[in-house]
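[1] No sequence on hand, only this structure:
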Ligand SMILES: [Zn+2]
């Protein structure tokens, strides 16, 4: 089947014929008055290749016939961008390289061709080549801002966080737009990398940079708490995990399991009970978040948390369709506790099999907390589900009903 680009190329050949290109070059046509001008051999060959759907060969003949000059350059750009849009990247690259090869190209047209070629490389996954061109364009061209934006994307993909910071800072100056959030995350990435290789001094310094002069991010606090935990600085770790929860942030799903682990290791869960008790008095709405976090992470044996789970199970209207926990144990506390444990264990399995986080911008779901959404590439847009996905539970149940 001929592709859209083959038709486009065929259209260009027809236009060439109409404009007289096929009949020799401009200015040479009327050399011998009265005699018909000779047919351009490249034109005929190109047309023949098109008829046989040999697009590459037809393209070569087009490039041979129609040199890049002020009259034809826009056609070359249009053809290149059409090939890229169609995913025919090799052809797009060929066209843009052909433009760049013209020795007397104006600076602005050269930049446009370099920018187009960089986008071809990006699309082809040739990140190194794309990076080189974007770096060149970022150093002084009308594509500076776009080139820096693309460089940030490439460095994010390559996990080259220091380069991403440098490009981001230049972009802030040139565009006048704040990249505080992105740059804070780049520093946190560096901190996590350093912590992974046990260079905790560097890790702490990177967190400091993530926070300095920028609004305090929750990720910074969480990363700093993890460093403290890994270096046995229990006091700092507890203070930061408490701060995250006290501020009622969505990161309770990450911080609460760590608090439970740390207090259990220290043998001081009574202290955790007291602080959670006080927190719930201040903010009763946290019951659901605590219960959900406990169910997903199999946290039990802390009475305040167990009470949140029980309250959550009794209040959840969808659950009542399956099991009447209220009346089940009215006269038998042991039976009621056993029923709750059973429901809780079933919910835990369900919660682990369904996504726990979802991007509030594009809806992308994942099991693990991801700081950058892999789909829309925005930072810090994922939020935890605060309840087990009963919709999917109901769906499965109705699927198995006769
Ligand atoms: Zn997203």
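    Perfect, thanks for sending it. No experiment lies behind these values; they were computed from the predicted model shown.

[2] what's near enough to touch residue 234?
    Contacts of residue 234 were listed using C-beta atoms under 8 Å, 6 or more residues apart in numbering, and they are 228, 262, 266. Every residue, glycine included, has its C-beta placed from N, CA and C.

[3] Now whatever helix or strand the first one lives in: buried residues?
    Assigned by DSSP states H and E, residue 228 belongs to helix 218-230. Residues of helix 218-230 classed as buried under the neighbour-count rule (16 or more other C-beta atoms under 10 Å) are 218, 219, 220, 221, 222, 223, 224, 225, 226, 227, 228, 229.

[4] Nearest to residue 55 among these?
    Of all the buried residues of helix 218-230, residue 219 has the smallest distance to residue 55: 48.9 Å, by C-beta to C-beta.

[5] Looks like the closest one contacts residue 371 (just checking).
    Yes: between residue 219 and residue 371 there is a contact under C-beta atoms under 8 Å: 6.1 Å.

[6] Skip the chain neighbours and tell me the closest residue to residue 225.
    Of all residues not flanking residue 225 in the chain, residue 240 sits nearest, at 3.7 Å (C-beta to C-beta, 6 or more residues apart in numbering).

[7] measure that neighbour to the ion for me?
    To the ion, residue 240 is 27 Å away according to C-beta to the ion, to the nearest Å.

[8] Now do the strand or helix carrying that residue against helix 218-230, angle only.
    Secondary structure assigned from DSSP H and E places residue 240 in helix 234-246. Note on geometry: by axes from the mean of the first three to the mean of the last three C-alpha atoms, to 10 degrees, helix 234-246 and helix 218-230 are set 150 degrees apart in direction.

[9] Any buried residues in helix 234-246, and which?
    When burial is assessed from 16+ other C-beta under 10 Å, helix 234-246 yields the following buried residues: 237, 238, 240, 241, 242, 244, 245.

[10] hmm, who's touching the very next helix or strand once past that helix?
    Reading on from helix 234-246 to the C-terminus, the next helix or strand found by DSSP H and E is helix 252-266. When contacts are taken as C-beta under 8 Å, 6+ apart, the neighbours of helix 252-266 outside the stretch itself are 222, 225-226, 229, 234, 237-238, 241-242, 244-245, 269, 271-272, 286, 289-290, 292-294, 296-297, 299, 302, 305, 356, 369, 384.

[11] one more time with 6 Å, if that's ok
    Contact partners of helix 252-266, identified using C-beta atoms under 6 Å, 6 or more residues apart in numbering, comprise 238, 241, 244, 245, 269, 272, 289, 293, 297, 299, 384.

[12] so can I have a markdown table of the residues you listed showing pLDDT?
    Below are the contacts of helix 252-266 laid out as a markdown table (pLDDT from 0 to 100):
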| residue | pLDDT |
| --- | --- |
| 238 | 95 |
| 241 | 94 |
| 244 | 90 |
| 245 | 89 |
| 269 | 92 |
| 272 | 95 |
| 289 | 88 |
| 293 | 91 |
| 297 | 91 |
| 299 | 93 |
| 384 | 87 |
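
[13] Considering these, which is situated nearest to residue 281?
    The shortest distance between residue 281 and any of the contacts of helix 252-266, using C-beta to C-beta, involves residue 245 and amounts to 14.0 Å.

[14] Residue 367: how many residues sit nearby?
    Residue crowding around residue 367 was assessed by other C-beta atoms under 10 Å; the count is 13.

[15] pretty sure residue 291 is touching residue 311, no?
    No: shown here, residue 291 and residue 311 do not form a contact pair, counting by C-beta atoms under 6 Å, at 7.1 Å.

[16] neighbour-wise, which of those two wins?
    Under the criterion of other C-beta under 10 Å, the comparison of residue 291 against residue 311 puts residue 291 first, with 27 against 15.

[17] Quick check: which element contains the more buried one?
    helix 286-296.

[18] Relative to residue 10, which of the contacts of helix 252-266 is nearest.
    Among the contacts of helix 252-266, residue 384 lies closest to residue 10 (C-beta to C-beta), at 54.6 Å.

[19] Correct me if wrong: that closest one contacts residue 358.
    No: counting by C-beta under 6 Å, no contact exists between residue 384 and residue 358, whose distance comes to 8.1 Å.

[20] Show the contacting residues for the residue nearest to residue 225.
    221, 224, 225.

[21] Adding pLDDT and distance to residue 142, write those out as JSON lines.
    JSON lines is the format used below for these (pLDDT from 0 to 100; distance: C-beta to C-beta, whole Å):
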{"residue": "221", "pLDDT": "91", "distance to residue 142": "41"}
{"residue": "224", "pLDDT": "94", "distance to residue 142": "42"}
{"residue": "225", "pLDDT": "95", "distance to residue 142": "45"}
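
[22] Report the separation between residue 144 and residue 137.
    Noted for residue 144: a distance of 7 Å to residue 137, by C-beta to C-beta, to the nearest Å.

[23] Between these two, which has more neighbouring residues?
    A side-by-side neighbour count of residue 144 and residue 137, using other C-beta under 10 Å, places residue 137 first with 23 against 18.

[24] what secondary structure does that one sit in?
    For residue 137, the secondary structure call by DSSP: H, G, I helix; E, B strand; the rest coil comes out as helix.

[25] measure it to residue 146 for me?
    Using C-beta to C-beta, one obtains 8 Å as the distance from residue 137 to residue 146.

[26] Doesn't residue 358 belong to a strand?
    Yes: counting by three-state DSSP, one finds residue 358 located in a strand.
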